[in-house]
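J.: Give me a 3D structure for the following:
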Amino acid sequence: MNKERYIKKLEIIQNAGNYRILRDIEHNGFLIHVDGKEMLNLSSNDYLGLSTNPSLIEEFRSETDVMALGYSAASSRLLSGNHKYYKLLEDDLTELYDKESALVFNSGYHANIGILPVLASKSDLIIADKLVHASIIDGMRLSQAQMLRFKHLDYEHLRDLLVLHRDTYENVFIVTESVFSMDGDVADLQQLCEIKKEFDAFLYVDEAHAVGARGTNGLGCCEEQACVEDIDFIVGTFGKAYASLGAFVVCEDIFREYLINTQRSLIFTTALPPVNVAWTRFLLKRMPNFYDLRIKLAQVSSDLREVLTAKGFETRGNSHIVPMLCGSNESSVEMSDLLQDNGFFALPIRYPTVPKNEARIRFSLNASIAMEDYQCLFDFIECLEEE
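T.: Coordinates of the predicted model:
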């Protein structure tokens, strides 16, 4: 047995400023406690603050026999784990999106590493935005299809690649996120729908960071940009703005049946607990009621970008994910430490997760945080420029 290569690899990671640890964290609403410090949590994906909303939790408990639901499915969905709450949730999703079918998975990662590998064969092409999430990249790698990447949000480049390659392949899958998880910018889904029609391609949109947080009813950017009907595969997660666990795809009936019969990350894993799926459905039905929270989330995100820009910091995007560019990995860690010392839990995102010399603080905003608390953050950023 030789452990030397693992030791050396860890040393390389540490020397590059990329060493990661699992923190012991205690949660208290939108406040967290780490190493004896109480901080405002600005690194959560709980974009609407629903996971710690006491009135929602109490309402769920009062109308639901939680003990009777069960805390484990104890089997995969294709064995004995396909409890009735799955069907109820999938029926709700089908109705909300006005699609033929919906299928629920254990997580966004399970969805993205499972769908594309079984839909895209050797005779097909997957062409994805350069900045799609790691889970999509892993799914592309697991497929047998040819893979190409187009420049981030550069749809002329996408067109050029399709002109060159479309006729070579049986099926083409255009893949994008709607809200991109690192830059916080938003895809032009209307234009992508036009392109997919022009080149007779499938369009696969990962709405992980948009569902709940965008759209009149919280259905994401596809609702906001009025193109639900034209997107073939809309993937969303319940672990972010929906304050739960799991993921889904809405699509045609034939693809749902095909995934049930072929998708390994669905077939070979234990199903979600009934209590969890029931909680997800409880929130899904109430998501249209949180429109005011979505408006506030958009406003505070805009305010933070204005503060960063006014003080000379580079930021990007136009969503509730607000990056603060720092440059080197070391600079982003130093900035994160400074923020934490002043009561703001905002973590660094470093190379190779983002391009070299584009390490950043990634603010993930929460609509339930009071504007007075955000004003403290704004004041702190203004002081940084003066130092």
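J.: ok, how many other residues are close to residue 282?
T.: For residue 282, the count of nearby residues is 17 (other CB atoms under 10 Å). Every residue, glycine included, has its C-beta placed from N, CA and C.
J.: quick one: it is in a strand?
T.: No: read with DSSP: H, G, I helix; E, B strand; the rest coil, residue 282 is helix and lies in no strand.
J.: Tell me how this protein divides into domains.
T.: Split into domains by automatic domain parsing, the chain comes to 19-44+290-386, 73-288.
J.: of all those, which lies closest to residue 9?
T.: Smallest distance to residue 9 across the domains of the chain (CB to CB): 11.2 Å, for domain 19-44+290-386.
J.: can you tell me the helix or strand for residue 55?
T.: Per DSSP states H and E, residue 55 falls inside helix 54-63.
J.: Can you give me the buried ones in that helix?
T.: Neighbour counts over helix 54-63 (16 or more other CB atoms under 10 Å) mark 56, 60 as buried.
J.: residues making contact with it?
T.: With CB atoms under 8 Å, 6 or more residues apart in numbering as the test, helix 54-63 has contacts from 50, 66, 279, 282, 283, 286.
J.: quick revisit: worst average pLDDT in the domains of the chain?
T.: Mean pLDDT per stretch puts domain 19-44+290-386 lowest among the domains of the chain, at a mean of 93.
J.: Work out the gap between it and the centre of the chain.
T.: On the basis of CA atoms, centre = their mean, to the nearest Å, domain 19-44+290-386 sits 17 Å off its chain's mean C-alpha point.
J.: can you check stretch 285-304 too?
T.: 17 Å.
J.: Which helix runs longest in this structure?
T.: For the chain, the longest helix by residue count, based on DSSP state H, is helix 291-310.
J.: Send me that one as CSV with only the CA atoms.
T.: Extracted in CSV, the C-alpha atoms of helix 291-310 (Å, rounded to 0.1, in the frame of the first residue of the first chain):
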residue,chain,number,x,y,z
TYR,A,291,-43.9,36.8,-5.2
ASP,A,292,-43.1,39.7,-2.9
LEU,A,293,-40.0,37.8,-1.6
ARG,A,294,-38.8,37.3,-5.2
ILE,A,295,-39.2,41.1,-5.8
LYS,A,296,-37.3,41.9,-2.7
LEU,A,297,-34.6,39.4,-3.6
ALA,A,298,-34.2,41.1,-7.0
GLN,A,299,-34.0,44.5,-5.4
VAL,A,300,-31.4,43.7,-2.8
SER,A,301,-29.3,42.0,-5.4
SER,A,302,-29.4,45.1,-7.5
ASP,A,303,-28.5,47.2,-4.5
LEU,A,304,-25.5,45.1,-3.7
ARG,A,305,-24.2,45.3,-7.3
GLU,A,306,-24.5,49.0,-7.2
VAL,A,307,-22.6,49.3,-3.9
LEU,A,308,-19.8,47.0,-5.2
THR,A,309,-19.5,48.8,-8.6
ALA,A,310,-19.6,52.3,-6.9
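J.: List the buried residues of it.
T.: Neighbour counts using 16+ other CB under 10 Å place 293, 294, 296, 297, 298, 300, 301, 303, 304, 305, 307, 308 of helix 291-310 among the buried residues.
J.: my guess is residue 298 meets residue 320, correct?
T.: Yes: in this structure residue 298 lies within contact range of residue 320 using CB atoms under 8 Å: 7.1 Å.
J.: one step back: select from the contacts of helix 54-63 the one having the most neighbours.
T.: residue 279 leads these on contacts (other CB under 10 Å) with 25 neighbours.
J.: And for the longest helix of the chain, what's in contact with it?
T.: By CB under 8 Å, 6+ apart, helix 291-310 touches 47-49, 184, 213-218, 314-315, 317-322, 324, 363, 365-369, 371, 374, 377-378, 381-382.
J.: burial count for residue 345?
T.: Per other CB under 10 Å, the neighbour tally for residue 345 reads 22.
J.: so what's it closest to, chain neighbours aside?
T.: Spatially, and ignoring its direct neighbours in sequence, residue 345 is nearest to residue 39 (3.9 Å; CB to CB, 6 or more residues apart in numbering).
J.: Surely the one you found is within a helix?
T.: No: using three-state DSSP, the assignment for residue 39 is strand, not a helix.
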